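Undergrad: task: produce atomic coordinates for the following.
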Amino acid sequence: MSLKAQAVSGVKWSGASMGVIVTLQFVTLAILARLLSPSDFGLMGMVMVVIGFAQAFSDMGLSNAIIYRQDVEENHLSSFFWVNVLTGVIIFVCILLARGLVTIYFKEPSLSNYLIFAAFIFLITPVGQIFNTLLRKELKFKTLSKIEIGGMVAYSLSAIGLAMANFGVLSLIMGQLVRSLLTVCILFFVFRGKWMPRFYLNIKEIRSYFSFGAFQMGEKAVNYLRSNIDYIIIGRFLGPAALGFYTLAYQLITFPMSKINPTITRVAFPAFSKIQDDDSRMRRGYCKVINYISMISFPMLAGMLVVAPEFIGLVYGLKWEPSVIVVQILCLAGMFWSIGDPVGSVLLAKGRVDIGFYWNVFSMIVTTIAIIIGVNWGIVGVAGAILLLRVPFFFVVPFILNRLIDLKFSKYIKALQLPFVCSIFMVAGIILLKQILYNINTLPIFITSIVGGAIIYITSYYVQDRTAFSELRSMLKGG
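TA: The predicted structure follows:
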């Protein structure tokens, strides 16, 4: 199968997986939001700050090093497996030792016990890491998609069931453990007749991978801190209830983005790695990537911006009303964030993970200062600070791309122009519809806004660019 066919198939299956998983996540979050309190979500947010940061170190940055290198030996894979397992054990112990400090920082004694349960993720997930990496390297996204959907179903059923049994925060943590365990079991089943790690570990043989992996690991750790510094500061200064309202808003916005972007970029990195010396092809490929991402993410975020009051009230309940304004602000920030992420695929394919690391260090410092200032105005101030930073950060990405693959700023903007313009048309249309229907019930207004907005966006886009729809239809058919 050609590289193009593999990439198309990868996007197709990853897209199908994304659609199913995002739907499940929305439904699960809506049910859990009615079963649990804002404080429960806030406490889980505190737990996940610790777990997420630890996950940045879970594979020593070696996964992407394996994908980048085209000459990985079988003995190396066994060594990687045991490095991942040993690293997971070390992280498990570190979390147990650090939970006292975390409890003191957040001023929440109950966090200590929750972190014990959550730490077990690092005794499970690393066992399947190498298998996941091999599937990504070979663009086997059909298999990966099925595994991810199975894991999400397991999380939804277990978390909702435990929440109904009044397990509170533990229902969210145990749901993650069930998901991780099932995923690892399926990965072992898939690889049972293909490849299994041997009892072989030689650090000297894989030493050359660590220079790539070290920057990648450092970048992931710093990027995670930058992305979650809002959780860290809100949890410390505003408490679990405020963090709960912010967490729901943040998850609502990032759920689609965390699936749409990886759907395309996780296919883009291994595909770009195979053409890493052909800048012309990479320029065309990158413009396609951000065009597809913005084509989907811009209308979703713009639509949520104008229907947030109705959506929050209908889906999550009136107790979550403080989240509405935060959702609206983060929708604007999300547009800038969604199109910034794919640059990482180019940095990885070019072997320039050092650039991503240094940029994320700078970004983390600036973001921390801005959020510390913004927290004085509550969660709305924090969301506003994130939005204000996203505007200047937007111009950094095309600068980096120009230096790496000679991508002109005009080409970059052109790839985003049509999705942005059509999203503006859609927002104007939804606002007009809401003005016309202002005196009827919330549900009809919400449904009419969603349907009307979708029709306006699709029609305006189709009129101006039918080619994009033909390409997407071709991808969905597998060719």
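
Undergrad: quick check: which ranges of the chain have low pLDDT?
TA: 1-17, 56-65, 67-71, 139, 208-216, 218-219, 255-278, 348-349, 468-479 (pLDDT under 70).

Undergrad: excluding chain neighbours, what is closest to Phe336?
TA: Arg390 (3.8 Å; Cβ to Cβ, 6 or more residues apart in numbering). Yep, even glycine has a C-beta here, placed from its N, CA and C like the rest.

Undergrad: burial check on that neighbour, number of neighbours?
TA: For Arg390, the neighbour count with other Cβ atoms under 10 Å is 18.

Undergrad: which other helices and strands does the helix or strand containing it contact?
TA: For Arg390, the enclosing helix or strand under DSSP states H and E is helix 378-394. Contacts defined by 3 or more Cβ pairs under 8 Å, 6 or more residues apart in numbering; DSSP states H and E place helix 378-394 against helix 207-237, helix 239-273, helix 324-340, helix 353-374.

Undergrad: what distance do you get for Phe81 to Val72?
TA: 12 Å (Cβ to Cβ, to the nearest Å).

Undergrad: of the two, who's got more company?
TA: Using other Cβ under 10 Å, the more surrounded residue of Phe81 and Val72 is Phe81, with 22 against 18.

Undergrad: which helix or strand contains the more buried one?
TA: Element membership for Phe81, per DSSP H and E: helix 74-106.

Undergrad: so what's the gap between that helix and the chain middle?
TA: Here helix 74-106 shows a centroid-to-chain-centroid distance of 22 Å under the convention Cα atoms, centre = their mean, to the nearest Å.

Undergrad: who are the packing partners of it?
TA: helix 38-55, helix 62-68, helix 111-119, helix 121-137, helix 207-237.

Undergrad: let's have the ones you listed in JSON lines, adding mean neighbour count and distance to Ser338.
TA: Shown next, in JSON lines, are those (neighbours: other Cβ atoms under 10 Å; distance: least, Cβ to Cβ, whole Å):
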{"stretch": "helix 38-55", "mean neighbour count": "22", "distance to Ser338": "19"}
{"stretch": "helix 62-68", "mean neighbour count": "24", "distance to Ser338": "21"}
{"stretch": "helix 111-119", "mean neighbour count": "19", "distance to Ser338": "28"}
{"stretch": "helix 121-137", "mean neighbour count": "21", "distance to Ser338": "21"}
{"stretch": "helix 207-237", "mean neighbour count": "20", "distance to Ser338": "13"}
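
Undergrad: adding distance to Leu170, write these out as TSV.
TA: As requested, the helices and strands packed on helix 74-106 are arranged in TSV below (distance: least, Cβ to Cβ, whole Å):
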stretch	distance to Leu170
helix 38-55	10
helix 62-68	30
helix 111-119	7
helix 121-137	14
helix 207-237	18
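
Undergrad: of all those helices, which one comes closest to Thr183?
TA: For Thr183, the closest of these is helix 121-137, at 6.0 Å, according to Cβ to Cβ.

Undergrad: and the contacts of that closest one?
TA: Contacts to helix 121-137, defined as Cβ atoms under 8 Å, 6 or more residues apart in numbering, come from residues 51, 54-55, 58-59, 63, 66-67, 77, 80-81, 84-85, 87-89, 91-92, 95, 140-141, 143-144, 176-177, 180-181, 183-184, 187-188, 190-191, 195, 197, 266, 270.

Undergrad: which SS class is the closest residue to Gly317 other than its chain neighbours?
TA: Among residues not flanking Gly317 along the chain, Arg34 sits closest, at 5.6 Å (Cβ to Cβ, 6+ apart). When classified by DSSP: H, G, I helix; E, B strand; the rest coil, Arg34 comes out as helix.

Undergrad: surely Arg34 is in contact with Leu318?
TA: No: judged on Cβ atoms under 8 Å, Arg34 makes no contact with Leu318 at a distance of 10.8 Å.

Undergrad: more neighbours, these two?
TA: Set Arg34 next to Leu318 and count neighbours by other Cβ under 10 Å: Arg34 wins out with 13 against 8.

Undergrad: measure the residue nearest to Ile203 when sequence neighbours are not counted to Ile130 for me?
TA: Once flanking residues are discounted, Ile203 sits nearest to Ser79: 7.1 Å by Cβ to Cβ, 6+ apart. Using Cβ to Cβ, one obtains 10 Å as the distance from Ser79 to Ile130.

Undergrad: before we move on, the earlier item: save the helices and strands packed on helix 378-394 as CSV, and put in distance to Ser449 too.
TA: CSV is the format used below for the helices and strands packed on helix 378-394 (distance: least, Cβ to Cβ, whole Å):
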stretch, distance to Ser449
helix 207-237, 29
helix 239-273, 16
helix 324-340, 14
helix 353-374, 30
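
Undergrad: out of these, which gets nearest to Phe117?
TA: Using Cβ to Cβ, those put helix 239-273 closest to Phe117, at 17.3 Å.

Undergrad: C-terminal to that closest one, what's the next element?
TA: The helix or strand immediately downstream of helix 239-273 is helix 279-311, counting by DSSP H and E.

Undergrad: ok now that following helix, how far from the chain's centre?
TA: Here helix 279-311 shows a centroid-to-chain-centroid distance of 14 Å under the convention Cα atoms, centre = their mean.

Undergrad: could you say what helices and strands that helix packs with?
TA: Packing partners of helix 279-311 (3+ Cβ pairs under 8 Å, 6+ apart): helix 239-273, helix 324-340, helix 343-349, helix 396-405, helix 409-436, helix 442-464, helix 466-476.

Undergrad: give me whichever of the ones you listed is most buried.
TA: Across the helices and strands packed on helix 279-311, averaging neighbours per residue (mean count of other Cβ atoms under 10 Å) puts helix 343-349 on top, at a mean of 25.

Undergrad: C-alpha coordinates for it, CSV please?
TA: Taking Å, rounded to 0.1, in the frame of the first residue of the first chain, the C-alpha atoms of helix 343-349 are listed here in CSV:
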residue,chain,number,x,y,z
VAL,A,343,3.6,22.0,14.0
GLY,A,344,4.8,19.3,16.4
SER,A,345,4.5,16.7,13.6
VAL,A,346,6.9,18.7,11.5
LEU,A,347,9.4,19.3,14.3
LEU,A,348,9.4,15.5,15.1
ALA,A,349,9.7,14.5,11.4
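
Undergrad: so which elements touch that helix?
TA: If contacts are counted by 3+ Cβ pairs under 8 Å, 6+ apart, helix 343-349 sits against helix 62-68, helix 239-273, helix 279-311, helix 353-374, helix 396-405.

Undergrad: just the angle for the fourth one relative to helix 396-405, thanks.
TA: Between helix 353-374 and helix 396-405, the angle comes out at 170 degrees (axes from the mean of the first three to the mean of the last three Cα atoms, to 10 degrees).
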